[in-house]
Structures are given as structure tokens and as C-alpha cells.
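A.B. asks: when you get a sec, could you give me coordinates for this:
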Amino acid sequence: RGRLGESGAVNMSHFGRLLRVSTFGESHCAGVGCIIEGVPPRMQLTEADIQVQLDRRRPGQAGAGSISTGRNEADAVQILSGTEKGITLGTPIGLFVKNKDMRPNDYGDMSQIPRPSHADFTYQMKYGFRASSGGGRSSARETIGRVAAGAIAEKWLKEKYGVEIVSWVSSVGDVVCPEAEANIHTITREQVDAHMVRCPHIPTADKMVECIKAARADEDSIGGVVSVVMRNCPIGLGEPCFDKLEAMLGHAMMSIPATKGFEIGSGFAGTAMRGSVHNDMFSIDSSGKMVTETNYSGGVQGGISNGMPIVLRLAFKPPATIGKAQPTADFSGAAVTLEAKGRHDPCVVPRAIPIVETMAALVLADACLMQEARKNSAVPLSEEVSPYFCDVSMDGAVSFNGVLTGWPGIGKDVQKSMLEKRKAELEKEMAQLNTLLQ
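C.D. replies: Numbering: from 1, shown residues only. Sure thing, here's the model as predicted:
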């Protein structure tokens, strides 16, 4: 959320409520980074935990030079605050990454020419001044802070709830990965990273590389689509009416540079379906929890997560800065021919993968903290209040005032299995307590 300052201006470099991230830095300044507030205490955290995603995002990755920018940055992160002895304190965490391979002079000839479809013109008009080298805050280097913060968020989500977030390139230009080759239930980051273009289907990935190389050879660029799945998400995430989960995910994803489209679940394809086909039918699984037989909703119903995999797709435009000569106008209105210089990606989607994953993690972590607060603040009620009353649940288990009951009419075998599972959990807790008392 932005915050009004004394001048009345709004600062929109913040994201999140309970888990709040503020990013800073430009493409060719001394460095970039972020401050994260609201990270729970007592979680193990070192630079190595964050560096994994930064390495997947950074320019100059080994083997990807033919389809990526020529800029080479180590993007080594430094934790400035918020931890001690590798453990989070619950206080603000400061992260910093130095810029090293800067070449602001590459943009000298273009300082008076707004690049077509870039942010040069709009930033100049909005602020009356701009960082003319590399695009400043509109550069993708701004996303370093997001990725670093999101890496912390996804570590907490994994340890607390078992959440898994995997993104992949599903199309480049007109080259599309067959849907059957990217199973949302089983796809892993290892499969995605097996190819430099980050498409899990190798034959399709090879065609994508040729498409990107052809664009680069023509001093041009090409767009693509990125898909992402979030598995094992808690139930109940999202704050109707205006902060529904898909609204917050859309907000996060459409804030990523170069995004031009957002879909969840069936997306636009769902408009061609009848309701009788599109409706996700409910059933009870073997553990006694309610699930849906299909997932056209994409894991979100009524703006709230339902426990099914959350599936998104994002459209990324072709990068605006290209070397091909283009007739345009400078800031004075005079006709000019622009042949952009600098080092730029001919296609952004391979390096966008960790950005998408970590932005998703920031949204989910913030939503989890809000729902945990609601769950922990609920008060017991008598059975006479309502026959439909149950405890707030984030894992799908149905209980009443802390007693596991299951849905009314649930089969005795399933109910017995649920109770035995809970009994085993309690026995484990008792064993741990007995060990401490010895």
C-alpha cells in the first residue's frame, strides 16, 4: 500500500500489509535492495537461502548468454539487519545488492529520445525528471528487492505449511508448450531449470530458443507467457471484497515489469464453456477433507483459496528496447531514427520465472498472516448458535471448539481415520513433553 507523505504525494514502493516490503534502487545506481517488515521470528535464515532465487534471476547466467542480456552481475545479497546467529529476530530485515557492471554512458545518445513503449516518456511527465540510464525504477533490476524478499516469504511458507511454488515458460512467440507436458501436480523447479529457457518440455524449449535467437539476430525482441502453480496452499486466504486473493495476486503480477495480461484458473478460455462443465464439483477425499473434482476455479472461489492448486498465467510483452532502427520523435517533437544501445534481454520470460514465484510467495505469506490472526482470535460458541458453525480452518479439517468432528454425515470409516490421525499427533506431542520432563 502506498503512504501519503507531508507533501500529499503517495509513495508506491511498498507492498503488503502484515508482511510489508519496501524496495529501493535503480538500474545504474550504487545498488538495489529492500526492507521487509513482519517476517516471523525464530526462522533460520542466511544469505544462502535468498541467493538461490537471485541466482536464477540474475543477468549473465552460464549458458544463457545467447538468449539473455549481456550484462553480468553477481547479485550477491547481504543481510544488513533482522537476524542474529542465522535466526530471524522478528524485526525489519534489510537486504542489499551492489550494482557492479554499470554502463550509464550507453544511454547518453538516447537521453533526449523517449524509447517507444518504454517508461521514459511517462516517468518524465510524472516526475519532471527521470533516471535516463537504464530506465531507473522501471528497469527489471528493481525486481531484485522483490525476489530477495519473496525468497524469505517462500521459505517460511514451505516450512510452515508445505507450500510449493513452481513457475515455467509456457510459450515464447507462437511456440507453445503442450499442456500435458507441464503437469501442475508434479512439475518441479529442477525440471524447469533443466533447460536455459525454463520450459519443462525439452523439444518445445529448443524451439523457443530458436525463436528468441531469430529475434535477437534481427535486432528485435519477442514476448511470451509464464505459468505458475502454488500447491498445498492453506484454505481461507483472501480478504473479500476488494482484497480477494486473485485480486492481490493480479496486483502483484501486473506490477512486474513487461506484464500485459493475467489469468487465473480457466481464465479467458472459461468464457467459452457452459456452467455445467465449468463448475468444480465437490467431494470428500480419503482423509475426510473437501476437494473439487476439477479445478477450473484455479484454487480460488469467492476470492478465497479453497485448498486446491492455485494456477496463474501471465503475458509478457516483447522488451521495448531493441537495436532495430525505428522512426520516432525526440522530446522536442523532431523526427529521429532510434537504434537503441545498451544490453537488453531479447525475451524476458526465462529470467521472469523467479520473479513470478517470489511475488506469489509475498502475496500468500501476507494472506496467511492475516488468516492466522483471524483464526487465533476466534472465540468458542455454543452448539445452539448455528448447526453450520465450525472452527476457522486453514487445512480443511472440520472441528467444533477444537474438537475434530468432520462434516455432518461423513462416513464412519473416514471419521475414524481422522480421529486416529489426530490421536497419533497428540501422542507424538505427549512423547515430546515427556522427554522434556525427564
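A.B. asks: was I right to think Ala205 contacts His195?
C.D. replies: Yes: between Ala205 and His195 a contact is recorded at 4.1 Å, counting by Cβ atoms under 8 Å. In this view, the C-beta of every residue, glycine as well, is placed from N, C-alpha and C.
A.B. asks: flag the shaky bits of the stretch 1-150 of the chain, pLDDT-wise.
C.D. replies: Low-confidence segments of the stretch 1-150 of the chain, defined by pLDDT under 70: 1-11, 60-65, 70-72, 101-109, 133-134.
A.B. asks: how about the strands of it, start to end?
C.D. replies: Secondary structure of the stretch 1-150 of the chain by DSSP state E, counting those that start in this stretch: the strands cover 3-4, 10-11, 14-15, 20-24, 31-37, 77-79, 83-84, 87-88, 93-98.
A.B. asks: with mean neighbour count as extra columns, can I get the ones you listed in JSON lines?
C.D. replies: Shown next, in JSON lines, are the strands of the stretch 1-150 of the chain (neighbours: other Cβ atoms under 10 Å):
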{"stretch": "strand 3-4", "mean neighbour count": "10"}
{"stretch": "strand 10-11", "mean neighbour count": "11"}
{"stretch": "strand 14-15", "mean neighbour count": "20"}
{"stretch": "strand 20-24", "mean neighbour count": "20"}
{"stretch": "strand 31-37", "mean neighbour count": "21"}
{"stretch": "strand 77-79", "mean neighbour count": "19"}
{"stretch": "strand 83-84", "mean neighbour count": "14"}
{"stretch": "strand 87-88", "mean neighbour count": "18"}
{"stretch": "strand 93-98", "mean neighbour count": "21"}
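A.B. asks: what about those, which gets the closest to Glu420?
C.D. replies: Closest to Glu420 of these, according to Cβ to Cβ: strand 87-88, at 35.7 Å.
A.B. asks: residues of the longest helix belonging to the chain that come out buried?
C.D. replies: Ranked by residue count and defined by DSSP state H, the top helix of the chain is helix 349-377. By neighbour count on 16 or more other Cβ atoms under 10 Å, the buried set for helix 349-377 is 349-372.
A.B. asks: same question, stretch 255-270
C.D. replies: Buried residues in stretch 255-270, defined by neighbour count with 16+ other Cβ under 10 Å: 256-259, 262-266, 270.
A.B. asks: closest one to Ile50 among the strands of the stretch 1-150 of the chain?
C.D. replies: Proximity to Ile50, assessed across the strands of the stretch 1-150 of the chain by Cβ to Cβ, is greatest for strand 77-79 (5.0 Å).
A.B. asks: packing partners for the closest one?
C.D. replies: When contacts are defined as 3 or more Cβ pairs under 8 Å, 6 or more residues apart in numbering; DSSP states H and E, strand 77-79 sits against helix 47-57, strand 93-98.
A.B. asks: what lies in contact with the helix or strand in which Glu246 is found?
C.D. replies: According to DSSP states H and E, Glu246 maps onto helix 245-254. The contact list for helix 245-254 (Cβ atoms under 8 Å, 6 or more residues apart in numbering) reads 15, 237-239, 259, 262, 264, 298, 300, 303-305, 310, 312, 314, 356, 359-360, 362-363, 366-367.
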